[in-house]
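S.K.: only the shape, not the letters, is given here:
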């Protein structure tokens with residue numbers, strides 16, 4: 001399926017639901033990251049990320065926009081929008097909400113940058129895992145622009161916990177991409193460990209300090225070699241504000 005046709009297809013499915021959706025909850029966040037051990041591109045970077053997460057009467061939605069500034073003033077923007085349609089909320093398939101597998105979705109994602117646009121579609125699932133606020137798994141067929149299409153598997157989670165009387169959050173995702181003729185098998189593990197400082201600073205909105213750890217294997221599908229190491233590993237300092 002061509003990218004233009006797929007975009008129309010996803011739009012025809014999601015737009016009517018979006019227009020009639022009633023939010024059950026929603027939250028916006030701003031994150032500042034700073035790191036200095038990137039291997040693909042400039043080594044030192046600062047990233048400002050704007051996020052919006054929402055649960056609605058038809059499913060859920062997650063959007064983020066990264067604005068990146070590097071040490072060499074190479075600035076760029078990258079965004080993703082990931083709407084998922086709950087098969088139960090549209091009265092197709094309902095599962096036991098208290099079971100381990102609690103909900104199924106039609107899952108989609110649009111990846112957008114100045115260089116390319118990729119469209120993903122597939123199936124998603126929510127799992128009930130003890131102590132986790134959420135644990136999700138999505139499987140996508142990727143329609144890539146200027147690259148061969150491939151498959152992607154994404155797991156994401158959020159785990160709150162307390163330690164020494166302080167509140168923390170550990171969340172993140174793992175993306176797995178299969179190999180094609182023009183891309184190597186690749187994997188992206190990104191997680192954030194955050195300390196909630198809202199009460200300490202006497203603030204109203206949730207505010208976090210912490211670290212983001214990123215580990216890539218064959219970043220962006222570029223096979224790692226002795227001449228060009230694309231198995232990137234870096235730690236970024238983090239500030240995050242929820243509102």
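M.R.: Yes, it's here. Because the structure is predicted, anything quoted here is derived from the model rather than measured.
S.K.: make it CA atoms for all contacts and neighbour counts henceforth
M.R.: OK.
S.K.: following the helix or strand harbouring residue 161, which helix or strand comes up?
M.R.: Assigned by DSSP states H and E, residue 161 falls within strand 150-163. Later in the chain than strand 150-163, the nearest helix or strand by DSSP H and E is strand 166-177.
S.K.: so which bits of that following strand are buried?
M.R.: For strand 166-177, burial by neighbour count (16 or more other CA atoms under 10 Å) applies to 167, 168, 169, 170, 171, 172, 173, 174, 175, 176, 177.
S.K.: helices of the chain, start to end?
M.R.: 3-20 (DSSP state H).
S.K.: so where's it uncertain?
M.R.: 1-21 (pLDDT under 70).
S.K.: so where do the strands sit in it?
M.R.: With DSSP state E, the ranges of strands along the chain come out as 23-35, 45-56, 59-70, 76-86, 101-113, 117-127, 134-143, 150-163, 166-177, 186-196, 207-217, 233-242.
S.K.: could I get those strands as TSV with distance to residue 224?
M.R.: TSV is the format used below for the strands of the chain (distance: least, CA to CA, whole Å):
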stretch	distance to residue 224
strand 23-35	21
strand 45-56	21
strand 59-70	22
strand 76-86	23
strand 101-113	23
strand 117-127	23
strand 134-143	22
strand 150-163	19
strand 166-177	15
strand 186-196	10
strand 207-217	8
strand 233-242	13
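S.K.: centroid residue for this protein?
M.R.: residue 173 (6.6 Å; CA atoms, centre = their mean).
S.K.: so it bridges to which residues?
M.R.: residue 156, residue 190 (DSSP bridges).
S.K.: any idea how far it is from residue 192?
M.R.: Remark: distance between residue 173 and residue 192 (CA to CA, to the nearest Å) = 9 Å.
S.K.: buried residues, stretch 96-103. List them.
M.R.: residue 103.
S.K.: determine how far that stretch lies from the middle of the whole chain.
M.R.: 23 Å (CA atoms, centre = their mean, to the nearest Å).
S.K.: try stretch 208-228
M.R.: 15 Å.
S.K.: so what touches that stretch?
M.R.: Stretch 208-228 is contacted by residues 33, 40, 177, 179, 183-198, 230-241 when judged by CA atoms under 8 Å, 6 or more residues apart in numbering.
S.K.: buried subset of these, written for PyMOL?
M.R.: Selection of buried members from these for PyMOL, criterion 16+ other CA under 10 Å:
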select buried, resi 33+177+183+184+185+186+187+188+189+190+191+192+193+194+195+196+197+198+230+231+232+233+234+235+236+237+238+239+240+241
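S.K.: any idea how far residue 74 is from residue 38?
M.R.: Distance from residue 74 to residue 38, by CA to CA: 14 Å.
S.K.: ok, those two, which is more surrounded?
M.R.: residue 38 (17 against 11; other CA atoms under 10 Å).
S.K.: that one touches residue 46, doesn't it?
M.R.: No. With contacts counted by CA atoms under 8 Å, residue 38 stays clear of residue 46, the gap being 11.1 Å.
S.K.: circling back to that earlier point, contacts only, for the residue nearest to the centre of the chain.
M.R.: Neighbour list for residue 173: 154, 155, 156, 157, 189, 190, 191 [criterion: CA under 8 Å, 6+ apart].
S.K.: can you redo those residues as TSV with distance to residue 59?
M.R.: Output for the contacts of residue 173, formatted as TSV (distance: CA to CA, whole Å):
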residue	distance to residue 59
154	18
155	18
156	16
157	17
189	25
190	24
191	24
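S.K.: now for those: which two are most distant?
M.R.: Maximum pairwise distance in the contacts of residue 173, criterion CA to CA, is 13.1 Å, between 154 and 191.
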